[in-house]
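> Build me a structure from this.
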Amino acid sequence: MLLDERVGERYHSDWSSAIGCAPSAVLRPKSTQQLSEVMALCHEHHQPVVIQGGLTGLAGGATPVLGEIAISLERMTGIEDIEPTGMTMVAHAGTPLQVLQDAALEHNLFLPLDLGARGSCHIGGNVATNAGGTEVIRYGMTRSLVLGLEAVLADGTVVNAMNRLIKNNSGYDLKQLFIGSEGTLGVITRVVLKLQPKPLSYHTALCGFSDYDSVVEALNRLKSSLGSGLTGFELMWDNYYHRVLETASDLASPLQQSHRFYVLLEFRDSQASAGSERFESALFELLEDEKMDDAVIAQSHQEAANFWRIRDGVAELLQCLGPLSNQDISLPISKIGEFADVLQARLKRDYDNMEVLLFGHLGDNNIHALAYTGRQCDVEPINSQIMHMIGEFGGAITAEHGVGVLKKKYLPLSRSASEIDLMKTLKSAMDPRNILNPGRVI
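Below you'll find the model as predicted:
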């Protein structure tokens, strides 16, 4: 247990802009049994707790409020088992994602979950928030990778749902109660993950487009020509692309000309030489049909990594843009282009010196919007305007970072009243004293 001055600042907040404070104490259990005993005591004494993992969330879900005890899962770490035949992995919730990725590769297997915070985020938090990332277009959200899990309820009850089977219709699929519930229904302690065979070849390209409709047509044609091998389709608007290059002085644009849109493609295949030919042929057809203006294929792992550094440059931008509205949202693909145009027009109309940087995964409906003025200002009105636009365009107020505290009041813009009522019923049934991450989500 950490008390008083031993509670370091890292426990005061997650990566979001939610205002944090020191928790009353930090408890760091090393096992499910210890966590069970802690939760039973907290339940008995009506003590609210906030669950903390890698603290990389952007919705304020792991940021303490006054009077809460923080329960950090940082010591519940390690890989319990990797089963190559069934291609499964059992891991403790506090294990960093990158540790799991590396361990899978050592067995010639592949964990198809990846995001920029891979070195810091914990798998328990990934599951609790149903994390997305850059592999969703092929493998789905984290939910689709979880076969089973173990969780501790608010009263300390341990729910063992450590299923290893792909097919198991034996009653309710209880793991789904916890995946994406952001720690409000139970604390995930262990997970069973589904792995994939390690691809034999990786192919990466950076492409330029003149209009959004051509980007969408390229996406659909590549899905057809490359099939399930298309694992990455990352869209960047021109202002985001060039802002990253301005910020990262050691990076240069791989393309000679400027374009309105840039797309980072990744194709993985089980046949090295045939895969390369297939990838090049698909790109050539788009160029020949004038659906794509330019393309460059990475000739080495380092070149591919540099392409990805441009896409992942948001981490460097966040350190220098000042106060900003940082939104992770989903929309129908057919409406994203129009939404982006209307969003930029409205915000620039209403705020002086407004800049809006846009990028996202596109193939899974997800884009990220960074809106800032370059000066100190209250970003909440900007947040509100963007959220209400999402409701207007029939989108989701959060795509892959969760609701937390920052988006809670906007939930009715994306969920019906009956859905929210059912969420409250589940919360009341599973946490009747409202001690588990209270005030988050609903």
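> for the closest residue to Leu147 other than its chain neighbours, helix, strand, or coil?
Leaving aside its sequence neighbours, Leu147 sits nearest to Val192 (Cβ to Cβ, 6 or more residues apart in numbering; 4.4 Å). No exception for glycine: its C-beta is placed from N, CA and C like everyone else's. Of the three states, Val192 takes strand under DSSP: H, G, I helix; E, B strand; the rest coil.
> Pull the number of nearby residues for Val192.
24 (other Cβ atoms under 10 Å).
> Is it bridged to anything, and to what?
Val90, Gly148 (DSSP bridges).
> Make sure it is actually in contact with Arg164.
Yes: with contact defined as Cβ atoms under 8 Å, Val192 counts as touching Arg164 (5.6 Å).
> where do the contact lists of these two overlap?
Thr88, Leu147, Gly148 (Cβ atoms under 8 Å, 6 or more residues apart in numbering).
> So what's the residue count around the second one?
Think Leu147. 20.
> Contact partners for it?
Leu147 touches Thr88, Asn163, Arg164, Leu165, Ile166, Val192, Leu193, Lys194, counting by Cβ under 8 Å, 6+ apart.
> Check what contacts the lowest-mean-pLDDT helix or strand in the chain and list those residues.
Between all helices and strands in the chain, the lowest mean by mean pLDDT, DSSP states H and E belongs to helix 314-317, at a mean of 88. Contact partners of helix 314-317, identified using Cβ under 8 Å, 6+ apart, comprise Gly116, Arg243, Val244, Thr247, Ala248, Leu357, Phe359, His368, Leu370.
> want to throw the residues you listed into a markdown table with neighbour count, secondary structure and distance to Glu290?
Converted to a markdown table, the contacts of helix 314-317 look like this (neighbours: other Cβ atoms under 10 Å; DSSP: H, G, I helix; E, B strand; the rest coil; distance: Cβ to Cβ, whole Å):
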| residue | neighbour count | secondary structure | distance to Glu290 |
| --- | --- | --- | --- |
| Gly116 | 16 | coil | 34 |
| Arg243 | 21 | helix | 28 |
| Val244 | 23 | helix | 27 |
| Thr247 | 15 | helix | 32 |
| Ala248 | 15 | coil | 31 |
| Leu357 | 25 | strand | 28 |
| Phe359 | 25 | strand | 24 |
| His368 | 19 | strand | 29 |
| Leu370 | 20 | strand | 31 |
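> just these now: which is nearest Ile329?
Comparing those against Ile329 with Cβ to Cβ places His368 closest, at 7.6 Å.
> pLDDT weak spots in the stretch 101-250 of the chain?
By pLDDT under 70, the stretch 101-250 of the chain contains no weakly predicted segment.
> do the same with the stretch 251-400 of the chain
272.
> I'd like the distance from stretch 210-221 to the chain centre, please.
Here stretch 210-221 is found 24 Å from its chain centre; the criterion is Cα atoms, centre = their mean, to the nearest Å.
> outside of it, which residues touch it?
Contacts for stretch 210-221 (Cβ under 8 Å, 6+ apart): 207, 209, 233, 235, 259-261, 263, 282, 285-286, 291-293, 333-334, 336-337, 340, 362-363.
> which of those residues count as buried?
207, 209, 233, 235, 259-261, 263, 282, 286, 291-293, 333, 336-337, 340, 362-363 (16 or more other Cβ atoms under 10 Å).
> Mind checking which of these are in strands?
Cys207, Phe209, Phe233, Leu235, Phe261, Val263 (DSSP state E).
> and which of the residues you listed is nearest Gly61?
Scanning those for proximity to Gly61, where the rule is Cβ to Cβ, the winner is Leu235, at 27.0 Å.
> which residue sits closest to that closest one, ignoring its sequence neighbours?
Leu362 (4.2 Å).
> thinking that neighbour is in contact with Pro332, fair?
No: Leu362 is beyond contact range of Pro332, at 11.5 Å (criterion: Cβ under 8 Å).
> And the furthest pair within the contacts of Leu147?
Using Cβ to Cβ, the contacts of Leu147 span at most 13.4 Å, a distance reached by Leu165 and Leu193.
> how about the helices in the stretch 101-250 of the chain?
Taking DSSP state H, counting those that start in this stretch as the test, the helices found in the stretch 101-250 of the chain are 123-128, 136-139, 175-178, 212-226, 238-247.
> Buried deepest among those, which one?
The highest average neighbour count among those, using mean count of other Cβ atoms under 10 Å, belongs to helix 123-128 at a mean of 30.
> Now do that helix: distance to the chain's middle.
Offset of helix 123-128 from its chain centre (Cα atoms, centre = their mean): 10 Å.
> ok, and what's touching it?
Under Cβ under 8 Å, 6+ apart, the answer for helix 123-128 is 51, 53-54, 56-57, 62, 73, 76, 91-97, 100, 113, 115, 131, 142, 146, 149, 178-183, 188-189, 191, 193.
> Would you check that Leu149 makes contact with Val187?
No: between Leu149 and Val187 there is no contact, the gap being 10.6 Å when judged by Cβ under 8 Å.
> Stretch 110-129: end-to-end distance?
Stretch 110-129 has an end-to-end distance of 21 Å (criterion: Cα to Cα, to the nearest Å).
> same check, this time on stretch 223-231
End-to-end span of stretch 223-231 (Cα to Cα): 10 Å.
> picking that back up, I'd like the contacts of helix 314-317 as TSV, with distance to Val441 appended.
Output for these, formatted as TSV (distance: Cβ to Cβ, whole Å):
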residue	distance to Val441
Gly116	23
Arg243	32
Val244	32
Thr247	34
Ala248	35
Leu357	28
Phe359	26
His368	21
Leu370	24
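> With respect to Cys377, which of these is nearest?
Lowest distance from Cys377 to those (Cβ to Cβ) belongs to Leu370, with 14.1 Å.
> which residues sit in contact with the closest one?
Tyr240, Val314, Leu317, Leu318, Leu321, Leu324, Ser325, Asn326, Gln327, Val356, Leu357, Leu358.
> Mark which of those are buried, thanks.
Neighbour-count burial (16+ other Cβ under 10 Å) applied to those gives Tyr240, Val314, Leu317, Leu321, Leu324, Ser325, Asn326, Gln327, Val356, Leu357, Leu358.
> element containing the last one?
What that stands for is Leu358. For Leu358, the host element (DSSP states H and E) is strand 355-360.
> Next, the angle helix 238-247 makes with that strand.
100 degrees (axes from the mean of the first three to the mean of the last three Cα atoms, to 10 degrees).
> List the residues that contact Ser72.
Ser72 neighbours (Cβ under 8 Å, 6+ apart): Tyr11, Val26, Leu27, Arg28, Gln52, Gly53, Gly94.
> mind redoing it with 7 Å?
Applying Cβ atoms under 7 Å, 6 or more residues apart in numbering to Ser72 gives the contacts Tyr11, Val26, Arg28, Gln52.
> Right, I'll call it a day here.
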